[in-house]
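> starting from these lines, generate the structure:
(one chain, ligands or ions: 1)
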Amino acid sequence: MTRVKICGLMEAEHVKAAIDAGADAIGFVFAPSRRRVDMKWAAELAARVPENVKKVGVFVNPDAEELRTVYRNVPLDYVQYHGDETPEQIRKIGLPSIKAFSVRTAEDVRRAAEYDVDYYLFDAPGTDFRGGSGNVFDWSLLAEAGIPRERTIIAGGLNAGNAAEAVRQTTPYALDVSSGVERDKRKDPDLIRGFIRAVKERGEA
Ligand SMILES: O=C(O)c1ccccc1N[C@@H]1O[C@H](COP(=O)(O)O)[C@@H](O)[C@H]1O
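Numbers count the residues shown, from 1 in each chain. Have a look, this model is predicted:
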């Protein structure tokens with residue numbers, strides 16, 4: 001069964017909607033973004049999340065000490081690195097990790113093999129910020145990744161209308177969505193439910 005991560009949550013109502021709809025993971029953005037949350041509020045939101053729903057902190061080129069401070073104060077399951085972090089930096093920090101790759105070319109996808117992380121996330125390049133752009137990348141490039149599909153997460157411009165096709169083409173571990181479950185730049189509970197339904201009710205075994 002393909003997992004779903006709902007990212008960029010900022011409001012308690014939307015955290016609850018994602019959990020109730022069956023999200024497998026939720027994401028809090030600590031990087032520069034219109035979806036950024038501060039550590040104290042993220043800790044309050046995270047405290048409402050049951051253990052079976054994984055909590056992911058999204059960072060871009062974080063300072064290692066600041067990252068550890070957030071990790072100590074917010075009960076995160078994974079750190080998502082969404083910048084230019086090197087394999088050595090991630091290894092040295094030593095926390096459970098997801099590395100995001102901005103995909104323009106096959107070379108961008110091949111870089112993933114240099115990293116030793118828990119999950120590999122492939123996203124379209126950002127526009128205003130490093131992620132959360134609502135753009136789709138060319139999924140066919142993933143054939144170049146050389147990463148087991150059970151450790152692959154697809155992001156970038158997903159919505160209830162293209163989620164099933166993304167799963168069909170890429171057979172990933174999980175889909176990750178932010179813009180596609182927003183209306184007027186704010187998360188929308190109906191869109192969250194619709195996205196999760198579109199992924200989970202594809203008729204998979
Ligand atoms: O969501 C953000 O604002 C964000 C900012 C900086 C880095 C990553 C960010 N989010 C990640 O972007 C993709 C989702 O993008 P989309 O809006 O669905 O196209 C996902 O990996 C988020 O974790």
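
> got the buried residues for stretch 96-112?
97-103, 108-109, 112 (16 or more other CB atoms under 10 Å). C-beta here means a position set from N, CA and C on the backbone, and glycine is covered the same way.

> out of these, name the ones that lie in strands.
97-102 (DSSP state E).

> how about the lengthiest helix in the chain against the ligand, any contact?
Determined from DSSP state H, the single longest helix within the chain is helix 189-200. No: judged by CB under 6 Å from any ligand atom, helix 189-200 makes no contact with the ligand; its nearest approach is 9.8 Å.

> so which residues on the protein come close to the ligand?
7-8, 27, 29, 31, 33, 35, 58, 60, 80, 82, 100, 121, 123, 129-134, 155-158, 176-180.

> now the nearest residue to A64 once chain neighbours are set aside: how far from E85?
Nearest-residue entry for A64: I93, 5.5 Å, with adjacent residues in sequence omitted and distances by CB to CB, 6 or more residues apart in numbering. Between I93 and E85 the computed distance is 9 Å (CB to CB, to the nearest Å).

> for the two, indicate the residue with more neighbours.
More crowded of I93 and E85, by other CB atoms under 10 Å: E85, with 20 against 17.

> contact partners for the closest residue in space to R183 that isn't next to it in sequence?
Using CB to CB, 6+ apart and skipping residues adjacent in sequence, the residue nearest R183 is L191, 6.4 Å away. Residues near L191 by CB atoms under 8 Å, 6 or more residues apart in numbering: 159-160, 180-183.
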